[in-house]
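1. can you look at this prediction? I've put the sequence above it.
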Amino acid sequence: MSDIAVIGAPELVTGFALGGARVYPVTGADEARAAWQQLPASVAVVLLSDLAAEAVGDALAARAAPLTVRLPA
């Protein structure tokens, strides 16, 4: 079974937990990068806030990345 993860500001990601997503509330770029690096292999889709997408940047191409979607602002 594959998981969905959401990385972003707490007020943006918390609600996704109700749908069963793994949520990673972050408040800065360092936390976003750390959350990305700790994603388990079971994660197939990652939703990223603008902050998280900017922070993860080149790391998207550096590993066998799951499908990523940038959330609208």
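-> Perfect, I can see it now. Numbers count the residues shown, from 1 in each chain.
2. measure residue 71 to residue 29 for me?
-> Using C-beta to C-beta, to the nearest Å, residue 71 is found at 16 Å from residue 29. (Glycine included, C-beta is placed from N, CA and C.)
3. meant to ask about residue 14, not that
-> Per C-beta to C-beta, residue 14 is found 20 Å from residue 29.
4. got the contact list for residue 43?
-> Contacts for residue 43 (C-beta atoms under 8 Å, 6 or more residues apart in numbering) come out as 2-5, 22, 66.
5. just the helices in this structure please.
-> Remark: helices assigned in the chain by DSSP state H are 10-13, 29-37, 50-56, 59-62.
6. could I get those as a markdown table with mean pLDDT, distance to residue 43 and mean neighbour count?
-> Formatted as a markdown table, the helices of the chain follow (pLDDT from 0 to 100; distance: least, C-beta to C-beta, whole Å; neighbours: other C-beta atoms under 10 Å):
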| stretch | mean pLDDT | distance to residue 43 | mean neighbour count |
| --- | --- | --- | --- |
| helix 10-13 | 94 | 14 | 16 |
| helix 29-37 | 94 | 10 | 17 |
| helix 50-56 | 92 | 13 | 19 |
| helix 59-62 | 69 | 13 | 11 |
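7. and those helices as JSON lines, adding distance to residue 44?
-> Converted to JSON lines, the helices of the chain look like this (distance: least, C-beta to C-beta, whole Å):
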{"stretch": "helix 10-13", "distance to residue 44": "17"}
{"stretch": "helix 29-37", "distance to residue 44": "14"}
{"stretch": "helix 50-56", "distance to residue 44": "16"}
{"stretch": "helix 59-62", "distance to residue 44": "15"}
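8. coming back round to it: of the contacts of residue 43, grab the buried ones for PyMOL.
-> Selection command for PyMOL covering only the buried members of those, criterion 16 or more other C-beta atoms under 10 Å:
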select buried, resi 3+4+5+22+66
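9. let's have the contacts of residue 43 in a markdown table, adding pLDDT and distance to residue 54.
-> Putting those into a markdown table (pLDDT from 0 to 100; distance: C-beta to C-beta, whole Å) gives the following:
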| residue | pLDDT | distance to residue 54 |
| --- | --- | --- |
| 2 | 90 | 25 |
| 3 | 94 | 23 |
| 4 | 96 | 21 |
| 5 | 97 | 17 |
| 22 | 97 | 21 |
| 66 | 83 | 18 |
